[in-house]
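[1] Show me the folded form of this:
(one chain, ligands or ions: 1)
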Amino acid sequence: MSGKAPCRLGVLVSGSGTNLQAIIDRIESGEINAKIACVISNKADAYALTRAALHGIPAIVHENVSFPERRSYDAATVEILRSHKVDLVILAGFMRILTDVMVNAYPNAIMNIHPALLPSFQGLHAQQQALDYGVRYSGCTVHFVDHGTDTGPIIMQSVVPVEQDDTEETLSARIQKAEHQTFAAAIKLFVEGKIHVDGRRVYLT
Ligand code: GAR
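    Got it, this is the predicted structure:
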């Protein structure tokens, strides 16, 4: 028998969950020494929940309708994460902005994937923003979450070319392929203790 207990991940989702699937596959193949302790969705119909259930991972619907405001929703999310002993929170297409309640509960331990090369094209429809601006290259960014929106310390980025005939859909699909690799690589570094943060700078060893 070898080694440390696997890092416990809590994955927050809102949609299809292709990034979640990429993480599940790499854990099951032994590439990432982690365990997904729970998947939490703010949408009851997110296909990501089915993906989790198919792999025996607790899949929790946690809708925001019954919460009076965002901070109380986040406080309840933190309780769920703590009850599953989560070490690292993964935002894998979670389409809500976090409040200080979540950010303070997991300092430099919440990772987000964004479909652009930050700090360009923050917020929603980043791929369409890139097309509208006319950039030749876009990509994806994995970063820690801080108190801003898509502003936290950058862990990894991958560059993806923009083709002249791209639509939001074709560019998104190309970026998503890069996301699956990049997110997994960043998570692997984290669980192996190979990420050190100093202010805005992130050092990988
Ligand atoms: C991903 O492309 C991710 O970059 C994006 O949502 C998609 C989720 O896809 N996230 C954001 O735009 C966050 N601002 P998935 O559910 O198939 O992993």
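
[2] now the helices: where do they sit in this structure?
    Taking DSSP state H as the test, the helices found in the chain are 18-28, 47-54, 70-83, 100-105, 126-133, 168-191.

[3] In CSV, list those helices along with mean pLDDT.
    As requested, the helices of the chain are exported to CSV (pLDDT from 0 to 100):
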stretch, mean pLDDT
helix 18-28, 98
helix 47-54, 98
helix 70-83, 98
helix 100-105, 98
helix 126-133, 98
helix 168-191, 98
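
[4] So which of these is nearest the ligand?
    The minimum distance between the ligand and the helices of the chain falls on helix 18-28, with 3.3 Å, by CB to the nearest ligand atom. Backbone N, C-alpha and C define where each C-beta goes, glycine included.

[5] quick one, what contacts the residue lying closest to G152 once chain neighbours are set aside?
    For G152, the nearest residue in space outside its immediate sequence neighbours is D146; the separation is 3.8 Å by CB to CB, 6 or more residues apart in numbering. Listed by CB atoms under 8 Å, 6 or more residues apart in numbering, the contact partners of D146 are V103, G152, P153.

[6] now these: which count as buried?
    V103, G152, P153 (16 or more other CB atoms under 10 Å).

[7] separation between the residue in the chain that the ligand sits nearest to and K4?
    Proximity to the ligand, evaluated over the chain using CB to the nearest ligand atom, is greatest for G93 at 2.5 Å. In this structure, G93 lies at 29 Å from K4, with CB to CB, to the nearest Å as the measure.

[8] okay, these two: which has more neighbours?
    Neighbours were tallied for G93 and for K4 using other CB atoms under 10 Å; the higher tally belongs to G93 (22 against 9).

[9] Run through the bridge partners of the residue most central in space within the chain.
    The structure's the chain has its C-alpha centroid closest to L91; by CA atoms, centre = their mean the separation is 2.9 Å. Following DSSP bridges, L91 is listed with bridge partners L12, N112.

[10] is it true that it touches H114?
    No: when contacts are counted by CB atoms under 8 Å, L91 is not listed as touching H114 (9.2 Å).

[11] Can you pull the residues of the chain lying near the ligand?
    Where proximity means CB under 6 Å from any ligand atom, the interface of the chain facing the ligand comprises 15-19, 48, 92-93, 113-115, 176, 179.

[12] What about the closest residue to E28 other than its chain neighbours, how many residues nearby?
    Sequence neighbours aside, H55 is the residue nearest to E28 in space, at 7.4 Å (criterion: CB to CB, 6+ apart). By the other CB under 10 Å criterion, the neighbourhood of H55 contains 16 residues.

[13] phi, psi of H55?
    phi -110, psi 20 (degrees, to the nearest 10).

[14] Let me know the distance separating it from L49.
    Here H55 is placed at a distance of 11 Å from L49 (CB to CB).

[15] And S172, by the same measure?
    Look at S172 and L49: by CB to CB, they are 21 Å apart.

[16] and if you look at H143?
    25 Å.

[17] Likewise for T182?
    From T182 across to L49, the span is 24 Å (CB to CB).

[18] and if you look at T167?
    As defined by CB to CB, T167 lies at a distance of 28 Å from L49.
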